[in-house]
Each structure stands twice: as structure tokens, then as C-alpha cells.
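**Student:** can you look at this prediction? I've put the sequence above it.
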Amino acid sequence: MREDVLATLNELIEACRDGEAGFKSCAEDIHDGQLKQPFLSLAHGCNDAAQELSVLLVSRGGNPERSQRTAGGLHRRWIDIKSSLMGKDDDAIMKECERGEDLALKSYRRALEQDLPLDVRAVVERQYQGVIQQHELMKNLRDRAHLSMN
């Protein structure tokens with residue numbers, strides 16, 4: 001398997017792991033109890049996506065690990081988000097999580113710009129559609145929370 005494809009898969013795995021950690025952090029920090037479960041569900045979805053990508057990577061001879069390129073070059077979005085959540089209100093937490101999803105969308109768009117084998121492209125495209133849905137869910141949750149505050 002081409003090294004660039006393996007690197008792309010590793011970057012997406014890292015983005016999914018970051019997403020899982022971030023959504024768990026949001027679930028811990030959010031004050032509105034009704035929002036905890038949606039964040040935990042989103043974290044679970046990120047874990048599932050990372051697992052699927054890991055299987056794909058291993059089946060092609062790769063090793064799902066944190067690469068130097070990923071660790072150094074990828075914005076550590078959820079670590080940044082976690083540190084910015086301290087003492088914030090629910091609206092701010094929701095906005096930070098949505099910002100994290102913006103970064104996930106960018107990661108998947110970059111991956112889809114690559115020359116990927118058809119089976120890899122199919123998985124990445126399907127997961128990208130899931131990230132789009134997650135992003136919309138984040139907007140809806142934020143809007144719903146904002147309305148309940150007013």
C-alpha cells in the first residue's frame with residue numbers, strides 16, 4: 001500500500017480519536033444534563049469511525065499509531081477545546097465543540113482530495129457524510145440550548 005494512503009488513514013484515525021476525547025470532555029463539562037448523552041453518543045461514533053479506519057489500515061499493512069506528522073501537524077483541537085472549556089457556559093462549550101467539528105470536516109476534505117483506492121475512498125466518503133451530520137447535530141443542539149436559555 002502506498003505510504004501516502006497509510007498516512008492519510010492515520011491522520012483520520014487521529015482526528016477521530018481527538019473527536020472522541022473532545023466529545024467526552026464536553027459531556028463532562030456541559031451543565032445541561034440533557035446534552036450529556038448526545039455528546040457521549042458522538043464520542044462513541046468517533047470511536048467506531050477510528051476502529052473502522054484502523055481495520056482498513058491494518059489490512060493494508062499499516063500500523064494505527066500517532067505519527068509524527070499527525071501529532072505535530074494536526075491542530076490539537078480537543079486539547080485546546082478542553083482547556084478553553086474551564087469555567088465556560090454551555091453556549092461557549094457548544095461553540096467550541098462545533099469548532100472542533102469544523103476541523104474534522106477539513107481533515108476529511110483533505111483526505112478526499114487524495115488519490116485513494118476505491119474501497120478506502122468509499123469508507124472515507126461515508127464517514128465524511130457522518131461528520132457533516134454530526135456538525136449539523138452540533139448546530140441544532142447549540143440552537144436548542146440557546147433557545148432554552150432565553
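**Tutor:** Nice, thanks for sending it over.
**Student:** residue 4: neighbour count?
**Tutor:** Neighbour count for residue 4, taken as other C-beta atoms under 10 Å: 11. No exception for glycine: its C-beta is placed from N, CA and C like everyone else's.
**Student:** who's in contact with the closest residue to it other than its chain neighbours?
**Tutor:** Nearest non-adjacent residue to residue 4, counting by C-beta to C-beta, 6 or more residues apart in numbering: residue 114, 6.7 Å away. Residues in contact with residue 114 (C-beta atoms under 8 Å, 6 or more residues apart in numbering) are 4-5, 8.
**Student:** tabulate those residues (JSON lines), appending secondary structure and pLDDT.
**Tutor:** As requested, these are arranged in JSON lines below (DSSP: H, G, I helix; E, B strand; the rest coil; pLDDT from 0 to 100):
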{"residue": "4", "secondary structure": "helix", "pLDDT": "91"}
{"residue": "5", "secondary structure": "helix", "pLDDT": "93"}
{"residue": "8", "secondary structure": "helix", "pLDDT": "94"}
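**Student:** relative to residue 49, which of those residues is nearest.
**Tutor:** Closest approach to residue 49 among the contacts of residue 114 (C-beta to C-beta): residue 8, at 14.1 Å.
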